[in-house]
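[1] sharing a model prediction with you, sequence too.
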Amino acid sequence: MLQPNSHDVCTRVPDAAASGAGPDGLSVGDLRDRLGLPPATLSAQLNILRNAALVHDQREGRVIRVRANYLQMNDLITFLTENCCSGRAVCEPASGCKPQKKGASK
């Protein structure tokens, strides 16, 4: 589960994987250097993105190359825009929708 302070990391990792990598992707080491993240943090965030099929990786000898799954990212953006933003290009948080605190009953 994502922690509240992980928002910045969660937006920087997919952004770097998608924008700077291009179709050839980036090695995990290059991605780590570009983002300035500790290895464990990057690994945890990449696992979340892998589980959501937003990135794929491929081993090339001793190097693991990460590539963005643009089709999946576009599908996610389309879904969020249509279902969470009511089709608006700019989406703001819903005023009456506050996240439940951990352990709170529904």
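    Arrived safely, thanks for sending. Numbers count the residues shown, from 1 in each chain.

[2] which residues of this protein score low on pLDDT?
    Along the chain, segments meeting pLDDT under 70 span 1-22, 87-106.

[3] quick one: the helices in the chain, in order.
    Secondary structure of the chain, counting by DSSP state H: helices at 7-15, 28-35, 39-51, 70-84.

[4] just put the ones you listed in a markdown table and tack on distance to R59 and mean neighbour count.
    (Each C-beta comes from the backbone N, C-alpha and C, glycine too.) Shown next, in a markdown table, are the helices of the chain (distance: least, Cβ to Cβ, whole Å; neighbours: other Cβ atoms under 10 Å):
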| stretch | distance to R59 | mean neighbour count |
| --- | --- | --- |
| helix 7-15 | 19 | 15 |
| helix 28-35 | 10 | 16 |
| helix 39-51 | 13 | 15 |
| helix 70-84 | 21 | 12 |
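
[5] closest to G61 out of the ones you listed?
    Nearest to G61, of all the helices of the chain, is helix 28-35, at 12.7 Å by Cβ to Cβ.

[6] quick check: R67 touching Q58?
    Yes: assessed by Cβ atoms under 8 Å, R67 is found in contact with Q58 at 7.3 Å.

[7] what about these two, which has more around it?
    Between R67 and Q58, R67 has the larger neighbour count (other Cβ atoms under 10 Å), namely 17 against 10.

[8] name the nearest residue to that one, ignoring sequence neighbours.
    Distances taken as Cβ to Cβ, 6 or more residues apart in numbering place G25 nearest to R67, at 3.5 Å, with adjacent residues excluded.

[9] just to revisit the earlier point, mind checking which of the helices of the chain is nearest V63?
    Nearest to V63 among these is helix 28-35 (7.4 Å), distances taken as Cβ to Cβ.
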